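# No letters, just coordinates:
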């Protein structure tokens, strides 16, 4: 089985996050030695493959007019590793072909529009790989847990999200959605690490402690969102993320395999190669 088969939330399946070990390394053989050093070495190899695939995606849009693009959606609890994943995985690719967008609390202007308005504006252009650090799913997670909208409103958003993603897929966007799954114990350790290092104080938000008190509510909200919005054209994957090296390897592998499935080829020359060589002498 491929890693996608192992980590994917099948359409219609009911997700039970409590049954997924955040310390696990699914998809890796148990007999062979796999650890942080192995993960880093594999990420170097995957980075070269991703860079090659990204170049082909970019070339097919620039030269051949392809409308293909790829969108990686990252969701996680606070300290779940979204920033680290972007740095380690997206950092292996050419920034010219990469669009990274972080979604925070909606502005007044954004709140004046439908919740998908700011998402549509941030979609990657043709030939690009886009990364969403948080996404439209905040509107069925935070909005639900903090009761920012009525229950009927956030429940209706599941179908709106599915329709939106289906339309984007039909228009040429390949969507890969990943939840980075950590334990409350791991989150506590990561928060303590931030408080122990003055160079990381800027990453600490006292409000995160308040959010920890809502852990079970968030887990329920995530489970419902994953169950309702994992579709054939925009599947969800749950990546155990307590082990950072496994998280990075898994996301890079999922992205590599997803883009490889597009079977992208370098566009042929639209000029006579022999003539151009002769002109050069």
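Cool, got the structure. This structure is a prediction, so every number in the text was calculated from the model and none was measured. Residues are numbered from 1 along each chain as shown.

# Please compute how far the one helix or strand residue 279 maps to lies from its chain's middle.
Assigned by DSSP states H and E, residue 279 belongs to helix 273-280. Offset of helix 273-280 from its chain centre (CA atoms, centre = their mean, to the nearest Å): 44 Å.

# what does stretch 185-194 give?
The answer for stretch 185-194 is 22 Å, by CA atoms, centre = their mean.

# and that stretch, which residues are buried?
186, 187, 190, 191, 194 (16 or more other CB atoms under 10 Å). C-beta coordinates here come from the backbone N, C-alpha and C atoms, glycine included.

# try stretch 136-151
136, 137, 138, 139, 140, 141, 142, 143, 144, 145, 149.

# What of stretch 49-67?
49-50, 52-61, 66.

# Quick check: the two most widely separated of the buried residues of stretch 136-151?
Spanning the widest gap among the buried residues of stretch 136-151 are 136 and 145, at 15.7 Å by CB to CB.

# ok, of the buried residues of stretch 49-67, which one's closest to residue 23?
residue 50 (26.0 Å).

# What is the distance between the longest helix anywhere in the chain and the centre of its chain?
Longest helix in the chain by number of residues, with DSSP state H as the criterion: helix 36-62. Offset of helix 36-62 from its chain centre (CA atoms, centre = their mean): 15 Å.

# Adjacent strands (with direction) for the next helix or strand after it?
Reading on from helix 36-62 to the C-terminus, the next helix or strand found by DSSP H and E is strand 69-76. Sheet partners assigned to strand 69-76 using DSSP bridges are listed as strand 129-133 (parallel), strand 173-181 (parallel).

# got the angle for the last one vs helix 36-62?
In this case it means strand 173-181. 160 degrees (axes from the mean of the first three to the mean of the last three CA atoms, to 10 degrees).

# In strand 173-181, which of the residues would be classed as buried?
173, 174, 175, 176, 177, 178, 179, 180, 181.

# Please name the nearest non-neighbouring residue to the second one.
Put plainly, it is residue 174. residue 70 (4.8 Å; CB to CB, 6 or more residues apart in numbering).
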